[in-house]
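Undergrad: Below is the sequence, then the predicted model.
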Amino acid sequence: MSKLRATRKNTKHLGVTNALHYFDFNALIQMFLWSIFCIVIIVFTVLFIIERGRINNLQHTDSPFPACHTINELKNAISNGTINSSTDLTSAYKTMYGWARYPLIDFSLMVGFFPAIPTTDPTSAWSIRSNAVDVAYSYMFITAVIAIVALIFQIYLSALNIKQRYQQKKYGLSTQYPNDFLSYKLFSVKMLMDFVTNLAIVFAFFNFLATIIVIGYWILLYLIQIFVKKILKHDSGLVSTFQSNKSNFFYLIFVLLFQNLYTLLKAIFLTKLGVNLDLIFQIILPIGTITVIVGLFIKNMLDSKVNAVLKSIKTICGNVTSFRVFFYTQQVDALNDYTFVSVLPPMIKNPLTAGTINKQQAYVLMQKLDEGIKFVEEHYAKDTKQKNYLIYTLFNNITHIEEIDEIKNNTLRVEQYRTVKK
């Protein structure tokens, strides 16, 4: 009986181990950390809503109007015309402005760092105050929504990773190189996930409190990266998004500094001089404030990179044709053409420009590349999307000739497995 229990225990342990084998360790940690980021953003969004509602409905005993003891009651009285005289309106706006103290929202706007603005013009002062509170809440809400969308992408990507790892084990595939060989969807989803994640971070910079949350997320991400690398001795790719495209990270840092410095200057002008910089920029630039312009600029920049890659995948056959025109007609002499060399895949161009290979060796690599393209065209003729993606990978992502062999060998293994099953 004890042996039977031990056998069951070992079988159960092996089942858990095999199940864990299908998970991507780095993706799970990233998803966990991003889940924390989403939860924190959502919590503060809810706190913003609660604080705004609580302050606007808070009863006050110092109201100059007997029937109005809250901000919402005064706003309703103004909107329905109960309060309509110039003197009463001035008194109502001044009263609302005096009651409107939102500790958390004001902190996010950096308004809490400075004394209250002079209310020489209560109507304008209340308009600016009310608009700032609405904007602070709106940006936090938008950040939360985009962060949730990014989390959905991460969950979907994890599901695709599990499916791919299961298929890799099922077919007995080599996995030395991360080429998303089995499905182009992994590559596309990963790219879109990075874009949406960065977009959520960009919108977080429009709010000082959300900016602090992003910085905390980055610090936690890097601390775990160091722990995994130094303590667990695992080559983690937790910050691969920033490492693979540092220009994105530098853009995010630029927006962080620019947006929060602008928010600081806006708070100083607002509290010290009673000047609304947003209003000034709206007058100069009717399409919106400078913050919106910067946000849309970064969004379009990220979006164009996604679209550029997707377009390159769709039109990769044209690149193949251009490559073959030079390669077939000029052979080794094609390497004398600077334009041709500049558009060669990294596997050939990088060692050639570094001087680690000569033209003859580069020509051998071109032959190997052409054989790989022919192989993909032949074996994926019925799956145009996967064919274009793999050719795009050959032209843009691989850096070792062995990866071409891995793709070919894995393809033959999958075909052999499916043939036997039939």
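TA: That came through, no problem. Source: prediction; values computed, not measured. Numbering: from 1, shown residues only.
Undergrad: any idea of the pLDDT on I401?
TA: Listed pLDDT for I401 reads 82.
Undergrad: List the contacts of it.
TA: M347, L365, K368 (C-beta atoms under 8 Å, 6 or more residues apart in numbering). (Glycine included, C-beta is placed from N, CA and C.)
Undergrad: Just the buried ones from those residues?
TA: Buried by 16 or more other C-beta atoms under 10 Å: M347, L365, K368, out of the contacts of I401.
Undergrad: so the second one makes contact with I348?
TA: Yep, that's L365 we're talking about. Yes. L365 is in contact with I348 according to C-beta atoms under 8 Å; the separation is 4.7 Å.
Undergrad: ok, which stretches of the stretch 1-150 of the chain are helices?
TA: Taking DSSP state H, counting those that start in this stretch, the helices of the stretch 1-150 of the chain run over residues 2-21, 25-56, 71-79, 86-99, 103-109, 122-171.
Undergrad: go on, the stretch 201-350 of the chain?
TA: Assigned by DSSP H, counting those that start in this stretch, the stretch 201-350 of the chain shows helices spanning 208-230, 240-244, 246-268, 277-284, 290-314, 316-330, 338-342, 346-354.
Undergrad: comparing those, which gets the lowest mean pLDDT score?
TA: In terms of mean pLDDT, the lowest-scoring of the helices of the stretch 201-350 of the chain is helix 240-244 (a mean of 45).
Undergrad: quick one on the thing from earlier: what's the closest of the helices of the stretch 201-350 of the chain to T175?
TA: Closest approach to T175 among these (C-beta to C-beta): helix 240-244, 16.8 Å.
Undergrad: and N84, what are its phi and psi?
TA: Main-chain dihedrals, N84, degrees, to the nearest 10: phi -140, psi -20.
Undergrad: Can you name the residues that contact it?
TA: Contacts of N84 (C-beta under 8 Å, 6+ apart): none.
Undergrad: measure it to N72 for me?
TA: With distances taken as C-beta to C-beta, to the nearest Å, N84 is found 18 Å from N72.
Undergrad: try A362
TA: Between A362 and N72 the distance is 74 Å, computed by C-beta to C-beta.
Undergrad: Those two - which one has more neighbours?
TA: Legend: neighbour count by other C-beta atoms under 10 Å for A362 and N72, higher for A362 (20 against 15).
Undergrad: where's that one, which helix or strand?
TA: Assigned by DSSP states H and E, A362 belongs to helix 359-379.
Undergrad: pLDDT of that helix, averaged?
TA: Regarding helix 359-379, the rounded mean pLDDT is 88.
Undergrad: Flag every buried residue along that helix.
TA: Neighbour-count burial for helix 359-379 [16+ other C-beta under 10 Å]: A362, Y363, L365, M366, K368, L369, D370, G372, I373, F375, V376, H379.
Undergrad: which SSE is the residue positioned nearest the centre of the chain in?
TA: When C-alpha atoms, centre = their mean is applied to the chain, the residue found nearest the centroid is T197 (1.8 Å). Taking DSSP H and E as the criterion, T197 maps to helix 184-204.
Undergrad: Much appreciated, bye for now.
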